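Colleague: How does the following fold in three dimensions:
(one chain, ligands or ions: 2)
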Amino acid sequence: MSIKQLDTETINKIAAGEIIISPINCIKELIENSIDAKATQIDLTIQNNGFKIIKIQDNGSGISKENFPLLCKRFTTSKIQTFNDLQRIETFGFRGEALSSICNISHLKIITKTEEEPFAYECEFDSNGNVISEKPIAGNTGTLFIINDLFYNVPSRLKSLTVKDELKKIIDCVSKYAINNKGISFSLKRIEDNKMLYNCKEDSSINDRIRLLINSSINKFLLDFECEEDLELGLVSCKGVITNLSYSNELNGNKKSNSYGTNAPIFFINNRLIDCEALKKALLSTYNSFLPKTASRPFIYLSLFIKPENVDVNVHPTKKEVFFINENEIIENICDSLREILQKQDVSRTFKTHT
Ligand code: ADP
Ligand code: MG
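Modeller: Residues are numbered from 1 along each chain as shown. Ligands and ions are numbered 1, 2, ... in the order given. As a prediction, the model looks like this:
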């Protein structure tokens, strides 16, 4: 058999499948784009758990009309210019692949307005990212993305995804970004029944945002967490919010800590939402040394800042993992701080039960 170069359309569709695996990846990319555009308000609406419609409205910078022809093309970005820029990246985006991928596997329309332009523009794209229609309309500064019929042309993907699981993941994702982005309002609404699934105001506190995700009784168990910087290791800061030992005890045996079963630790590294199995294991085992085996999981939210030159963000297609130097030592430092906080708790708990 002879080797042949695939045509661009096929290449793009294969690549898109790696970046947009399910509606949640699409939502994450869009939220990150809105934050990159300096939005202070992000409103999402979904139908059929994102499979039928995903709409996201922000009040960010907007996109100027001249950028429409390149907006949804592959590897087109306003965020970096050379590979070296990746070393000091401050935006979420850098590959210019999200919008082209979304375009490839859905019907995409945007309405956007910049501060400078007198009108908003409504613009539709075909699956190759070409502009198919464009017209001026009334609108406020910011951008609305409307994604219809995700995976309409990838039937195998549609079959393999269960619509039910997706909702949990969407609520989870929106709330995590809300928790880590104080100063931005977030809302998530379901079109079918007009149900508000998550809603926090611009000025609501981190604890309020956590309460909305977990439940209202969590408030009194929340503790601020901080681990000292260690610039030699590259750890610039590590702050967060965790639950105390009574929280876990109070919910003894109840592993499901909220109605959506969200209880995995939340980690952000340099503002990126990431999975870090090693950090998760270490923290949970630190907690476990203070808690009975049957205790339910604590709530943990940590935001780490690591020297950007020590972090490689380009290791995973959905950017859900990052590499960072001195990982083990940094994790040890964080666990030491956690142990200290829990020890103090433990002492006061013992004291209470004895009096
Ligand atoms: P990346 O984020 O990696 O640059 P994307 O495909 O996600 O790639 O977006 C392409 C470009 O579109 C961005 O670089 C940005 O200039 C613009 N853009 C996307 N979403 C928004 C938005 N909500 N507001 C303003 N500009 C946006
Ligand atoms: Mg992006």
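
Colleague: so what pLDDT did residue 90 get?
Modeller: Looking at residue 90, its pLDDT is 78.

Colleague: wait, what's in contact with it?
Modeller: residue 308 (CB atoms under 8 Å, 6 or more residues apart in numbering). In short, each C-beta sits where N, CA and C put it, glycine included.

Colleague: and the gap between it and ligand 1?
Modeller: 12 Å (CB to the nearest ligand atom, to the nearest Å).

Colleague: Quick check: that residue is in a strand.
Modeller: No. Counting by DSSP: H, G, I helix; E, B strand; the rest coil, residue 90 is not found in a strand; it is coil.

Colleague: Any figure for the gap between it and ligand 2?
Modeller: Distance, residue 90 to ligand 2, by CB to the ion, to the nearest Å: 13 Å.

Colleague: sec struct for the closest residue in space to residue 37 that isn't next to it in sequence, please.
Modeller: Nearest non-adjacent residue to residue 37, counting by CB to CB, 6 or more residues apart in numbering: residue 60, 2.9 Å away. Following three-state DSSP, residue 60 is assigned to coil.

Colleague: what about the helices in the chain?
Modeller: 8-19, 23-36, 68-71, 98-104, 155-160, 163-180, 206-213, 245-250, 277-288, 327-354 (DSSP state H).

Colleague: Determine how far the fourth one lies from the middle of the whole chain.
Modeller: Centre-to-centre, helix 98-104 and its host chain are 18 Å apart (CA atoms, centre = their mean, to the nearest Å).

Colleague: Does that helix reach ligand 1?
Modeller: Yes. Using CB under 6 Å from any ligand atom as the criterion, contacts between helix 98-104 and ligand 1 involve 98, 99.

Colleague: How about residues contacting that helix?
Modeller: Counting by CB under 8 Å, 6+ apart, 12-13, 15-16, 19-20, 26, 29-30, 33, 71-76, 108, 125-129, 147, 150 sit against helix 98-104.

Colleague: ok, and the closest non-adjacent residue to whatever residue of the stretch 101-250 of the chain ends up closest to ligand 1?
Modeller: Ligand 1 sits closest to residue 143 of the stretch 101-250 of the chain, with a gap of 4.1 Å, by CB to the nearest ligand atom. Distance criterion CB to CB, 6+ apart; nearest residue to residue 143, sequence neighbours excluded, is residue 112 at 4.2 Å.

Colleague: Isn't the one you found up against residue 146?
Modeller: No. Assessed by CB atoms under 8 Å, residue 112 is found out of contact with residue 146, at 11.2 Å.

Colleague: between these two, who's got more neighbours?
Modeller: Each of residue 112 and residue 146 has its neighbours counted (other CB atoms under 10 Å); residue 112 has more, 26 against 18.

Colleague: how much space is there between the more buried one and ligand 2?
Modeller: 15 Å.

Colleague: before we move on, what about residue 36?
Modeller: 7 Å.

Colleague: wait, doesn't that residue sit right on residue 91?
Modeller: Yes. Using CB under 8 Å, residue 36 is in contact with residue 91, at 4.5 Å.

Colleague: Enumerate every residue touching the closest residue to residue 100 other than its chain neighbours.
Modeller: What sits nearest to residue 100 in space, not counting adjacent residues and going by CB to CB, 6+ apart, is residue 74, at 4.2 Å. Shown in contact with residue 74 (CB under 8 Å, 6+ apart): 12, 15, 96, 97, 100, 129.

Colleague: Now which of those would you call buried?
Modeller: Buried residues within these, counting neighbours by 16 or more other CB atoms under 10 Å: 12, 15, 96, 97, 100, 129.

Colleague: okay if I get these as CSV plus pLDDT and distance to residue 304?
Modeller: Shown next, in CSV, are the buried ones among the contacts of residue 74 (pLDDT from 0 to 100; distance: CB to CB, whole Å):
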residue, pLDDT, distance to residue 304
12, 79, 34
15, 75, 30
96, 84, 26
97, 86, 25
100, 93, 31
129, 93, 35
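
Colleague: Just give me the closest of the residues you listed to ligand 1.
Modeller: Looking across the buried ones among the contacts of residue 74 and measuring by CB to the nearest ligand atom, the closest to ligand 1 is residue 96, at 4.1 Å.

Colleague: Please determine how far the residue nearest to residue 287 when sequence neighbours are not counted is located from ligand 1.
Modeller: In this structure, residue 287 finds its nearest non-sequential neighbour in residue 298, 5.1 Å apart by CB to CB, 6+ apart. For residue 298, the distance to ligand 1 equals 34 Å [CB to the nearest ligand atom].

Colleague: Surely residue 298 and residue 246 touch.
Modeller: No. Judged on CB under 8 Å, residue 298 makes no contact with residue 246 at a distance of 10.5 Å.
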